[in-house]
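Q: Structure here, sequence nowhere to be found:
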Ligand SMILES: Nc1nc2c(ncn2[C@@H]2O[C@H](COP(=O)(O)OP(=O)(O)OP(=O)(O)O)[C@@H](O)[C@H]2O)c(=O)[nH]1
Ligand SMILES: [Mg+2]
């Protein structure tokens, strides 16, 4: 995957500083060359690549790292800041007088994102939102949009039997054009299809769209740059939305798209549900991209009844090597409340938990099921038993199994998992590389876990 490639190459360029106490010009030049290659290969355009690498070179040579900070971490932080800078601060879209045209290739998530955006503005700003379904090529597009927006108070305009998209947009604007925000969903297109291109250009002209959002699947990778260019040439893209960031891909393509069009990332899609939309924040995105993990994101994902301090306390405890069943319970509770394991994993550094980030779908589903069962079992335990699981003898195991409606084997499985997790946590504590990674992650986020 393009993005994995980018991350690994950035890491290996930074690796050139390994073991060094002072920067020297030759190493910095070499690092800069490696970085330049990595960015170009990831479809960054030449101009922004040059800018990024020159600035990093200069900072490395001129800035002293903070005392105690390894040169590698220092360089990583510089790269991180540069990438954040290139992606720019988030841009706000006014919640009134906007007509937004959604464009993108087949199956990228245009229709889903149209519904997500409509619902987002409706909920967040309480304004009147309408959507127009102008996709006459995908069967059932109108029904799909209606279904996604059921019960949201968003007006949906469509003519499922009609075949002239431009006419639909005209009619639609007449019917629902008075809304504060009008979003127009268009047909997915292939860059080679002349007829669809013409249709899109005509729609853009009729709609006088104030924004043209390019929807791009996080998995697109290398191809994103040229795709973005094609759409940019057709309609002039003003904003980028990356979808499917909840999957394993981490959105490298988005960077290329943004670098190509200069149209900032505005939202990211993180699931199939209408509510799975997040406003884009460059710092968070880049730290995930670089596999630095995202403690801040993790805290934000934590359920409402768990405040930031509590989430930090738990993280700190997990890192400290003390790890009772109660801790595992809290951790699981947090995980299951947060929602899918997928979502959680994408916020953790890659190497954490032995590379769990690369679990198969089946394994993840299994983990989700285990969580539910383990919670039931732990609900049947006394506090003391949860604090000191080693106390659990056969008779107690039998009692707990009966109390929770599970088998004795289930209870033993839970204890075995605790034992494994405990060892893993100890491992993390003892693993200097892991600790360093946690440390650098904290540096980036400006947090101190006291590791
Ligand atoms: N996991 C995940 N799935 C998504 C996301 N966004 C969209 N999808 C799914 O991707 C598939 C395609 O989404 P659509 O919204 O139909 O895509 P489209 O671009 O409108 O597709 P066409 O109209 O065929 O061009 C659907 O199964 C969606 O549920 C996302 O952020 N995460
Ligand atoms: Mg669609």
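A: Okay, I see it. What you see is a predicted model, and the numbers here were worked out from it, not measured in a lab. Ligands and ions are numbered 1, 2, ... in the order given.
Q: What residue spans form the domains of this protein?
A: Annotated domains of the chain cover 2-87, 98-282, 295-445 [automatic domain parsing].
Q: Point out the most buried one among these.
A: Ranked by mean neighbour count, the domains of the chain are led by domain 98-282 with a mean of 20 (mean count of other C-beta atoms under 10 Å). C-beta coordinates here come from the backbone N, C-alpha and C atoms, glycine included.
Q: on that earlier part again, okay if I get the domains of the chain as TSV plus distance to ligand 2 and mean pLDDT?
A: As requested, the domains of the chain are arranged in TSV below (distance: least, C-beta to the ion, whole Å; pLDDT from 0 to 100):
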stretch	distance to ligand 2	mean pLDDT
domain 2-87	25	83
domain 98-282	3	90
domain 295-445	23	67
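Q: residues in contact with the residue of the stretch 251-400 of the chain found nearest ligand 1?
A: The shortest separation between the stretch 251-400 of the chain and ligand 1 is 2.9 Å, found at residue 269 (distances taken as C-beta to the nearest ligand atom). Taking C-beta atoms under 8 Å, 6 or more residues apart in numbering as the contact definition, residue 269 lies against 109, 112-113, 116, 241-246, 276-277.
Q: Mind checking which of the residues you listed are in strands?
A: Members of these lying in strands (criterion: DSSP state E): 241-243, 277.
Q: right, and the pair among the residues you listed with maximum separation?
A: 242 and 277 (11.0 Å; C-beta to C-beta).
Q: Overlap of the contact sets of these two?
A: Listed as contacting both residue 242 and residue 277 by C-beta under 8 Å, 6+ apart are 268-269.
Q: Give me the nearest residue to residue 137, chain neighbours excluded.
A: Among residues not flanking residue 137 along the chain, residue 187 sits closest, at 4.2 Å (C-beta to C-beta, 6 or more residues apart in numbering).
Q: helix, strand or coil for that neighbour?
A: Recorded secondary structure, residue 187: coil (DSSP: H, G, I helix; E, B strand; the rest coil).
Q: Quick check, it in contact with residue 166.
A: No - under the criterion of C-beta atoms under 8 Å, residue 187 is not in contact with residue 166, lying 11.8 Å apart.
Q: joint contacts of the two?
A: residue 199.
Q: from the protein, which residue is nearest to ligand 1?
A: Using C-beta to the nearest ligand atom, the closest approach of the chain to ligand 1 is made by residue 188 at 2.0 Å.
Q: tell me the contacts of the nearest residue to residue 189 once chain neighbours are set aside?
A: Ranked by C-beta to C-beta, 6+ apart and with sequence neighbours excluded, the top spatial neighbour of residue 189 is residue 196, at 4.0 Å. By C-beta under 8 Å, 6+ apart, the contact set of residue 196 is 137, 187, 189-190.
Q: On the three-state scheme, residue 196 is what?
A: Of the three states, residue 196 takes helix according to three-state DSSP.
Q: Stretch 219-226: end-to-end distance?
A: The first and last residues of stretch 219-226 sit 14 Å apart, counting by C-alpha to C-alpha, to the nearest Å.
Q: Then stretch 176-187?
A: Where stretch 176-187 begins and where it ends lie 20 Å apart, using C-alpha to C-alpha.
Q: Repeat that for stretch 181-199.
A: For stretch 181-199, by C-alpha to C-alpha, the gap between its terminal residues amounts to 22 Å.
Q: got it, and stretch 389-397?
A: Per C-alpha to C-alpha, the first residue of stretch 389-397 is 10 Å away from its last.
Q: And for this protein, the residue most distant from the center?
A: residue 395 (46.0 Å; C-alpha atoms, centre = their mean).
Q: Which secondary structure element is home to that residue?
A: Element membership of residue 395, judged by DSSP states H and E, is helix 394-404.
Q: All the helices of the stretch 351-451 of the chain, residue numbers only.
A: Assignment of helices within the stretch 351-451 of the chain using DSSP state H, counting those that start in this stretch yields the ranges 361-379, 383-387, 394-404, 408-430, 432-445.
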